Structure formats: structure tokens, C-alpha cells
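Participant: no sequence on this one, just coordinates:
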């Protein structure tokens, strides 16, 4: 098969346009399956979702399997592409699992009954998983289908890897990559799980923050105590936990763990200028969620804080009496979930060690402190000038008529470092989500316009890899 | 009826000894009713408990009623005593409600299936409410029964008032006292809800700490946020709550609310010497609950910290994700229950105002802070040299063969100030609990020895009021 001509690519794009309804229906079929990986009673649903995407890929001529792990299976599908293919071998990564839906009462329609709603940007799809990540996975599958139906076949050598445990920390993915190293070799990992700059402006994500997530337990007396009998003599672990965690930041928002900023690089002037040029409107960003005052480090720009500075957040806290009314208890224990978003250069293990020491030195000696690490992944920089990144920037420019923004991401995609470390492959992050997509929240949505452009961008990228 | 002779009192005491098993069974019948006032679904049980004590009193010849309030009813029972009675009119106060039982899994037997266990001091009663306050109420009722059966009748003019909302802040008691002022006149309030110095040493409690109990709510964004997308820009209310509450104390344990110590009196030298003479062993006190290091204000004695210094405690805290594993959420809200034990001289309303200002100045302006006051009662000093206190000291000395200790209490009995303010009556606090009774905790217990001596002490005190 020769390299596709411009006209051939246009034919595939036309087919994708003409079959947009079918693409949406294929997505809705997947969204109807409540594949919540966090909930053991949804295991059968997760298996059904895996089987459905496997069957979709098999129908396109892929050698597609669901392979077991200790948890939920991984879908792996191979297509060799044309016999004379000389472009890169693409490993597409996505996930078929979704977040839990609580609080359910805040959803305006049932989360697993996908529907088309109308918004300021036209039709949008509302369902759990609409954008994270079923919608983004189905864009790529729709692009493959368009090539399969209207372009003479899958134009590139493609491996698809879809896991079912991304929303629970990809706990079994690394062993899976280790075990299937030879079978998963490729030239790049293509991931569609990130966002655009705005609905008219495409983006490539070139850095990700890492994540250290911990659960802290502070134990004091061996039983709950009455504050009247013991208050003034017995250690209160909630008091102690607040006193310790209350010192995570100084008044200027700087994180106080010793050595925390070791390895954090200051962005160079060009990068700062590029961010400045984006004209990010933090007031509008915060206004949309009911806030007015930026809460991060003083003296840093908004995008710098979100993309290039580490954070410390208490994601959950509990202890003592939390019911209605008053109970004068000094509890035996107090707990918190504390996480750190890291930027490239920071060592997750060093951060974890420093946090443990920080707590130990700040709580009274009578308290027993334990810090369990639930994840520890570094921040990652992805080269924006690689061959594949430049190809993606080019097709996004063609598709949208304006250049792609090179964005940082404040979030973490830990698998990116797993692919690099275990398979030695760099990732390319080309995603089509928007900031207001309510990812992980009630009423998650995906704009049809983003979905449609995403399919077309993947059609173009596959064509370009094939030499078109 | 003439004043009882020593021999008559001995007869009543003998009867109390001989019927100790029946007294315990009457207590167990009451303990079997899960009258948890904090739980609306236990309302019927609370009504049953009220009716049971009412019936007990009616059986002794009291004119006994359960009278409604906006919440749970108050049991009021009157007995005129002998026609020629010249002693004080006693208003006995207690409560028939109990604390919630969670954490249930730490109970070694079901909390509402009372049982006799063996401990270092002999038999003990294990159940929720064993000592607080059903056990202490039933001591008084057993003493009345002994007089009724073996002493020729109730020897004194007695009103009994048992409320059902003590464990939820006695929210409806003050309006009740206002509404029934004329019917509740008496010369002293006798309360049996406090403790002994140790199992061999009786005590009269002569000061109580007050209590300001609050629920704090901190609201930030209008919905939960993903910490990857918003961390570094959006306010985290748990971070802010910990930072604010973490500053409640300085490194020396001093409470940091402006004006908090206004009105706090330094104990005089005599009082300090009396405390010193008690030889309180704080290491043993803390050791019994698994702690070693006193946690209160530096530079103060142990009893001074427990009885004569105010405290600040976070009794509960919650917000964000508290389930298993990791969820990178920045929640919209965070909550805490924060209370202050006050000493005589502090103004509860001023403390509340100061706490509100303290929080407002310490949380970012974007956060909405609300502080709901669930109770606000001052600390109280009770005269140890009143006629009635001296009578109680005398009977305790007779019963135990050693003088009663005049104790402070770190706890609060807000009704004491309600009785003083509304009815103009001073309270006498003669209680029989021990520090290790696990009040408000799993496996609450009451020593049979304390129960037995308590019945006998009440028999003696009633006899003394009758002139014996």
C-alpha cells in the first residue's frame, strides 16, 4: 500500500463525518456499561466493557485479546498495518474503567444512561466516562474504523492497550508491562486522556505532574476519652494532626517539608513568555467554581502554579465524632489523606521520606504516626520537538486552523513513566477534553465538537504516520 | 414522724445491703433500654426509659409524671416527706439518656445487655449508661426505696427531676425550668453525676468547668474539584481548616484566641497546696490510657490543668475522601467540632466571639466560615462550706471512714448554672464514678462497690436531712 494521498485522507475524513452518529452510538454502547473499577461488585461490568472494546477492535481486523491480571483484564490488540509500512509503530493507551458516581443525587440524569444535551458549544454527551476515558478511546477506534472502511485498511502498525484499573491507580499495569515487554514494543505511546487549551484551540501536553499520595494515621491514647475528664492532660490526636498539617504551607503558600523543592527547575524565560502569551484568565477559571482568590504560592503565575509548581493537598480528613450535635470526646486516632503533586526533578521517595520526618518532628512524642504511601510517581517532561510530537502538532494545526498549544498538565498520568521505565517508550499526549468536562464529578460530559475533531485528528495523524 | 435515730438509719442501711441484688436488677432493667438521645430513631426507647423511672418513683409514693418538652420528656416526681419535716427540700437531678455507643466493635459485650464482670475491685456492671447516669440515678432511687420499705417512708421532702437530653446539651431544660419554676422550688439541688477521688476516697465536687461546643464549617469552591486540574490555584478547605485550627495552641500549650484567658483566676496558695497534698499521680493517670507525656499547658500542675485551666479540643473533623485508597479530590467543604472547657470567670459568649474572629482572620477570604454554637455554659464554683455540703462531707466521712476530698472537675454540668440562674438554687455534687469508668467510651462500667456505697451514702444523707 503506497503512502496515502491528501485526497485519500480527505475521503477517510468525509467518511468519519458521515458516520459521526454511528461513532456516537458505539460510544454510548460502551458508556452504558457501569465499569467502575473501584467497586468490586462492578467486576462483571468491567469484564463486559473489556470484551466490548476487544470485539470492536477484532471487527477492524485486529488480533485482539483480553489478558488477565491479578485484577481487571487488559485488552491488547495488534494490527501490522500495510505490508510495506515504514512509519512508527504506535502503541495506543487508554482505559475502559470509570470513576465512581457518588454523589449520585447531583447528577441530572442517570450516569450510565448516556444522553445528548445541548450546551453553549452545541450537542454534548453526558455520562460517567463520557470524556474520561471512554470518549477519548472511542475517538481513536472511530478513526481506525474510518480508515478500515474508507481508506483501504488500517494505515499504520498499531497496538492498542486498554486497561481497566486506571481509576484505581493502575495497580496491576506495571507487572503486566514487565510480563509482556516483548509483545508491547513500539516507537511511541499515543495517549488520549488529556485536554485542549479551549474548545477552539488544540493542545499537546508536554509535562505532567507526578503524585505522592499518602494516608496518615495518628494514634494517641488506647481508647476514646471524655474531654471533661482528660482535657488538659491527655494528647488529642486531632489537635496534633491539625497542628502538624496546618504547617504544610507558610503564609506565602510555600510548602514547608525540608528539601521539598530540591530538583524543582525554574522555567526559563521563553517558557514563561509562552505561558504569558496564552492569556490565561485565572479569574474566570476560578469564577466558574465559585472562587475569586488564587490559593497557591505567592509570586508565581497561574499556569506556572498549575503546571510547573508542586502542591500539597489534604484530600480527606477524619477523626472523632462526626455525627449530629455535640460529643465531648478526645478520640484515640485521627486520619488524613495527604497528597503532593510533583514536578519533573523532584524525587517522590525523597518527598515521602521528608513528609514522614516532617510529621514525626511536629507531633508530640506520645503520638504514633504512620504514613502509608498509596502512590509515588515523579513528574514528567515530554519533548515537544520529537518527530511524533511535531507530527501531532502539524495535524492539529491542519484540523483546527491554528497551532496547537504546548501545555503543561497539573494532573498525573503515572502510566507515562511506567511506559518509559519498563518499555523505554516516550508518550505523546494528544487529548480533547475541556476544563469544564466535570471529570470525576457529577454530570461528566464530552462536547460532540471535541469528539468529532478528535476523530478527525486521529485520522490525520494515522495518515501522516503512513507517510501522507 | 420524729427525726430518725442512728438505729433507724442502720436498719435502712441493712435493708439496702440485703437488697443490693434487687437494686442491681432495677438498674439492669433500665440499662437494657437503648435511650440514646442523639439518635432520633431511639426516641421510642427514650420514652420507655422515662416511663420506667417514672413508674419506679410512683411505686415509692411519689406523684410522678413525664412532662413533655419540644424534645424528650422530663420526669418530675414529688414527695412531701413526713408531715412534720423541717429539713431542706431536696431537688434530685439526673438524666435517663445515654451517649451513642460507636465504635461498637470495641465493646466486648453488647452495650445494652448489661452484665456483671469481675475486675480488680470485685464485680462491676458493664453497659452504656452504667455510671453515666443511670447507675448514679438508681443509687438514689434505691436509697429512697430502702427508706420506703425499711425506714417508715421517704424521710425528706424530695423532688426528682430526670431529663432525657443531657447527652445532647440539655437543649430543652432551661425553657422547662422557666415554665415550671414554681413547681421546682427547693433548698438544694443534689446531683449524682460526678466522681470519687479513688475507689476508697469519697469526694464532693466544688468546681466545674464550663463548655462552649461548636461546629465549624468551611466552604470553598461550589463543587468538589480534581486536585490535578485545580491544585495550586483553588482553595482547599481542609488545608485551610487545618492551618486555622492548627494554631489553636502555641508550642507551650497556651490557647491563642485573643482574650481567651480574660477572667481566669490564678488559684491561691492554699488551693495549690491542697492539690499538691492529694499526691495525684499523673503518670499513672496517663499510663492507664496508654500515654506518657502530659499534653496541656506547660508550667501548670496536673490537677490545675484538669480542674482550673481552660482547654481547646477538636472533638471531630471530617471532609473530602475518607474511603479506602486514593482519590485526588479538593473538596468543597470541611468540618470540625471544636470545644472549649472553661473555668469560672470566663465568659462563654466572649469565647465564642473570639473563636469566630480567630477563624475569620486565619482562613483565606475566599472561604466561607460558619461557627454554630451547640452549647455555651460557664465554669462554676460551688461553696464547700454550705450547710448541705458539710452534711454531705459528714455522711461520706461516716460511710468511708475517711474525709471526703474537695475536688475540682474538668467536666461540665451545664444544668448547675441553669438551676442557679433560673431557680436560684445551689447544687451539691456527690458522685461515685471512677476515672477509669470509660464514660462515653466502649465498655462503660460502674463498680458494684461504688454503687453500693453510693446507695448507702444517699440513705445516710436523707437521714441527716431528716435530722438523724
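Facilitator: Ah, there it is. A quick note: this is a predicted structure, and the numbers were derived from the prediction, not measured. Residues are numbered from 1 along each chain as shown, chains lettered A, B, ... in the order given.
Participant: What separation do you get for residue A:463 and residue A:77?
Facilitator: 20 Å (Cβ to Cβ, to the nearest Å). Bear in mind the C-beta positions are built from the backbone N, C-alpha and C, glycine included.
Participant: what does residue A:337 give?
Facilitator: In terms of Cβ to Cβ, residue A:337 sits 36 Å off from residue A:77.
Participant: before we move on, what about residue A:164?
Facilitator: For residue A:164, the distance to residue A:77 - Cβ to Cβ - is 14 Å.
Participant: and if you look at residue A:346?
Facilitator: Following Cβ to Cβ, the distance that separates residue A:346 from residue A:77 is 36 Å.
Participant: Residue A:133 too?
Facilitator: From residue A:133 to residue A:77 the distance is 16 Å (Cβ to Cβ).
Participant: next one: stretch A:139-159 to chain centre, how far?
Facilitator: Put simply, stretch A:139-159 sits 25 Å off its chain's centre (Cα atoms, centre = their mean, to the nearest Å).
Participant: now swap in stretch A:384-402 and tell me
Facilitator: Chain-centre distance of stretch A:384-402: 21 Å, with Cα atoms, centre = their mean.
Participant: Any figure for the gap between residue A:199 and residue A:121?
Facilitator: 5 Å.
Participant: shared neighbours of those two, anything?
Facilitator: A:447, A:449 (Cβ atoms under 8 Å, 6 or more residues apart in numbering or on different chains).
Participant: Of these two, give the one with the bigger neighbour count.
Facilitator: The residue with more neighbours, out of residue A:199 and residue A:121, is residue A:199; 17 against 14, by other Cβ atoms under 10 Å in any protein chain shown.
Participant: Wait, the more buried one touches residue A:434, no?
Facilitator: Yes - counting by Cβ atoms under 8 Å, residue A:199 does reach residue A:434; the two are 6.1 Å apart.
Participant: Please work out the average pLDDT along stretch A:135-154.
Facilitator: Across stretch A:135-154, the average pLDDT comes to 98.
Participant: So is it next to chain B?
Facilitator: No - interface with chain B: stretch A:135-154 contributes nothing (Cβ under 8 Å from any Cβ of the partner chain), its closest point being 15.5 Å away.
Participant: Give the buried residues for that stretch.
Facilitator: The neighbour-count check on stretch A:135-154 (16 or more other Cβ atoms under 10 Å in any protein chain shown) flags A:135-148, A:150-151, A:154 as buried.
Participant: Likewise for stretch A:288-295?
Facilitator: A:289-291, A:294-295.
Participant: Stretch A:396-410 now?
Facilitator: A:396, A:399-400, A:404-410.
Participant: can you list contacts of stretch A:171-187?
Facilitator: Stretch A:171-187 is contacted by residues A:67, A:69-72, A:74, A:76, A:88-91, A:159, A:161, A:163, A:165, A:388, A:415, A:418-419, A:422-423, A:425 when judged by Cβ under 8 Å, 6+ apart.
Participant: how about a cut-off of 6 Å?
Facilitator: Stretch A:171-187 has contacts (Cβ atoms under 6 Å, 6 or more residues apart in numbering or on different chains) with A:69-71, A:74, A:88-89, A:91, A:159, A:163, A:165, A:418, A:422-423, A:425.
Participant: Show the end-to-end separation of it, please.
Facilitator: With Cα to Cα, to the nearest Å as the measure, stretch A:171-187 spans 24 Å from end to end.
Participant: How about stretch A:357-373?
Facilitator: Stretch A:357-373 has an end-to-end distance of 14 Å (criterion: Cα to Cα).
Participant: buried stuff in it?
Facilitator: Using 16+ other Cβ under 10 Å as the test for burial, stretch A:357-373 gives A:358-359, A:362-364, A:366-367, A:369, A:371.
Participant: now, which of these lie within helices?
Facilitator: A:358-359, A:362 (DSSP state H).
Participant: for those, which one is nearest residue A:111?
Facilitator: Set against residue A:111, the nearest of those by Cβ to Cβ is residue A:359 (37.4 Å).
Participant: Would you mind confirming that residue A:64 is in contact with residue A:58?
Facilitator: Yes - shown here, residue A:64 and residue A:58 form a contact pair, counting by Cβ atoms under 6 Å, at 4.4 Å.
Participant: Those two: which is more packed in?
Facilitator: A count of neighbours by other Cβ under 10 Å puts residue A:64 above the other of residue A:64 and residue A:58, at 21 against 13.
Participant: Going by contacts, tell me the helices and strands next to the host helix or strand of residue A:123.
Facilitator: Here residue A:123 sits within strand A:122-126, counting by DSSP states H and E. Identification of packing neighbours for strand A:122-126 by 3 or more Cβ pairs under 6 Å, 6 or more residues apart in numbering or on different chains; DSSP states H and E yields strand A:115-119, strand A:445-447.
Participant: Does chain B have contacts with the lowest-mean-pLDDT helix or strand in chain A?
Facilitator: One helix or strand of chain A scores below all others by mean pLDDT, DSSP states H and E: helix A:269-277, with a mean of 87. No - Helix A:269-277 lies out of reach of chain B by Cβ under 6 Å from any Cβ of the partner chain, never closer than 13.3 Å.
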